[in-house]
Every structure is written in structure tokens, then in C-alpha cells.
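**Q** Dropping the sequence and predicted coords here.
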Amino acid sequence: LDNCLSEQWAELLKENDPSVQAHQHIYNRIEPKILTDQDINFGKTPLIRIWKIYRQAAAILLIPLIAASLLYFFISKDNAPYETGWVEINSPDGARTEFMLPDGSKGWLNSGSKIKYVPPFNKLRNIELSGEAYFDVMQKNSLFTVSVNDLNVEVHGTRFNVSAYHDQDFTEVVLASGKIQVKGKTSDLDRTLMPMEKLTYMSDVHKYSVRKVETELYTSWKEGYLMLDNETLEQAAHRIEKWYNVKIVIQDKVLRRYRFKATFRDEPVEELFRLIALTTPVNYEIKKRSMDKNGVYQKKEIFLTLKK
């Protein structure tokens, strides 16, 4: 029995598992107590002798069972996701929301955006994004992946912005620092981005382009700046709608292609369009919010027309 016990424990130690080695002191305390009856007097009652043998055998079998259970507990604790499922963070329409992740990474969600992930978010750092977010990723050995409609963005530690709203036919990835890998889900896209580069992926034709940009134009929204840089009024209207949670109707088609450059910070929507009207051939009308049949107020509507 002594040899059997030693052989069982030696086999476990050969695996070099830290959790098994950490319980060596338990084995050292149990072994002497199990073996104190080694000097069994075989002249004693057979029933007592059999009982002691069974007791020793049970103890020997119990040691590897305990060790295996502890090993499974520690491995599953580190690797298995919590049974609580997804953790989801939302930013309401017309708001911007700062967030912190369990691994120390942090970032911002733009209006009408959300992220979700499976805790504990340690060895597996996978984020699903809908909308727009800025990430400041903590450097770790494990890969940090942001998954959007058609792309995966893979990093270890860096700062970047991703815009991937479901109602737009393109995805934009802008790198502020470090290095990121952008991979297509349904295409052969596999591109490494360097700082101050923007990748635009057109999902309808499965094509992409990369160019140098001023990253502040695409990341300053988290500080409350709405920066429009030579954008068409149609493109600007789309961003303003999300920023203020309003509906914009461009009634003259010629205005859709009109381009302008402007920077706003925390101005009310009424002040924003007053300033636009001062410097562009645009008239605007803001209609009061109306209530639907269910008693819910609709979005504020803003109508844009060409100045006569």
C-alpha cells in the first residue's frame, strides 16, 4: 500500500501542474496518518484487519480524486466564461458614454452605440461593436479583438476608433497610435494599419481604401467636438442626426453635394444650424416635436432648403 500511494502521487507530480504541486503539503500530512497502521498484527481479528485494509485503500484512491478535482476547478475558473452570459454597455441616442473594461482597457461610445463581451475578459478579449467607439487598449499578451459587421480589428495594445453603424454602408477604422490588423469576415482583406491611417471598407462592393488622415477629425467627438472637414451636407446631416438625435430632411437635391468645413462643441442644435445658415446657402426650419398615438414624442425634425 505504501508503494501504491507513492506511485499514485508521483504520477500526478510528473504533470508539472502548479495546482497539484501546491497541494504537496496536504499529501505530506495525510500520508503518515494513512500509514500508521502499516504494522498490522495479522493475528488480530480478520474483520478488523479487513476494515483497516479497506480504509487504507479508500484513502489512497481519495488523494488523486481530490487532486484531479482541484485541478479541474482552477483550470475551469480561469478559462470558462461566466454563466451570466454577455455584458452589454449602451450609449443612448444623443449622448456619449465613457466605459472601462475588466482588463484595464477603456474607451468611449458615441451616440446610439453599444458593445458587448463575455466576462471575465482576460484570456479571451473579444468585443462586439455596433455603432462607433474609441478604444484605448491595455497592453497584454492576449489578443484584443473588435468585431463589427464585416471586419475584425485585432490588437494587443493601442488606441483607435471604429465607426460601424448598421444604417451606413461602410466601416471606418482610424489608428491613433500603435499598430492594428484589420481582417475581413467575408473577403480576403488582411491589412496592417499604422498611426494616422484610416481604412474605409465598402461592404456593398467588398472593397477598401487606406489613406493618411488627421486622427483628431475622427476621435475628437469623445471630447464633445463635432468636426466636419470638407464633408457633403448629406454626410454631415447623417452625423448631426446621431449627435443630436434629430431627423434632418434635405429638400433640395443640390444641397446634398454642398461641402463645408466647421467645428462645433456642445452647441444646441438650434445654434448649430443658425451658424450654418450664416456661412452657407442653407435655410432651415425646426419643427416642434409631436406626440404619436401612443403618447411618445417623436424626434425633432429639421428641414433644409436652398436660399433663393
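**A** Great, that's in hand.
**Q** average model confidence for stretch 190-209?
**A** Averaging pLDDT along stretch 190-209 gives 94.
**Q** sorry, that was for stretch 292-308
**A** For stretch 292-308, mean pLDDT rounds to 89.
**Q** buried ones in that stretch?
**A** Taking 16 or more other C-beta atoms under 10 Å as the neighbour-count basis, stretch 292-308 is seen to contain the buried residues 300, 302, 304. Using the backbone N, CA and C atoms, a C-beta is placed for each residue, glycine as well.
**Q** Could you export the residues you listed as CSV, including secondary structure and distance to Gly107?
**A** CSV is the format used below for the buried residues of stretch 292-308 (DSSP: H, G, I helix; E, B strand; the rest coil; distance: C-beta to C-beta, whole Å):
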residue, secondary structure, distance to Gly107
Lys300, strand, 29
Ile302, strand, 30
Leu304, strand, 33
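**Q** Surely Thr200 touches Val174?
**A** No: using C-beta atoms under 8 Å, Thr200 makes no contact with Val174, being 9.5 Å away.
**Q** Helices along the stretch 201-308 of the chain, start to end?
**A** Residue ranges of the helices in the stretch 201-308 of the chain, as given by DSSP state H, counting those that start in this stretch, are 216-219, 233-244, 253-256, 269-279.
**Q** what inclination does the last one have with respect to helix 233-244?
**A** This means helix 269-279. With axes from the mean of the first three to the mean of the last three C-alpha atoms, to 10 degrees as the criterion, the two stretches helix 269-279 and helix 233-244 enclose an angle of 160 degrees.
**Q** Model confidence for Leu65, exactly?
**A** At Leu65, pLDDT is 59.
**Q** right, and Trp86 touches Phe121 too?
**A** No: in this structure, Trp86 sits apart from Phe121 without contact. The criterion is C-beta under 8 Å, and the distance is 11.0 Å.
**Q** what residues do the two have in common as contacts?
**A** Counting by C-beta atoms under 8 Å, 6 or more residues apart in numbering, no residue touches both Trp86 and Phe121.
**Q** higher neighbour count, the two?
**A** In this comparison of Trp86 against Phe121, neighbours counted by other C-beta atoms under 10 Å, the higher total goes to Phe121 at 19 against 12.
**Q** Surely that one is in a helix?
**A** No: Phe121 is assigned coil when assessed by DSSP: H, G, I helix; E, B strand; the rest coil, not a helix.
**Q** so what's the residue nearest the centre of the chain up against?
**A** In the chain, the centroid-proximal residue (C-alpha atoms, centre = their mean) is Ile127; its distance is 2.5 Å. When the contact criterion is C-beta under 8 Å, 6+ apart, the partners of Ile127 are 101, 115-117, 135, 144-147.
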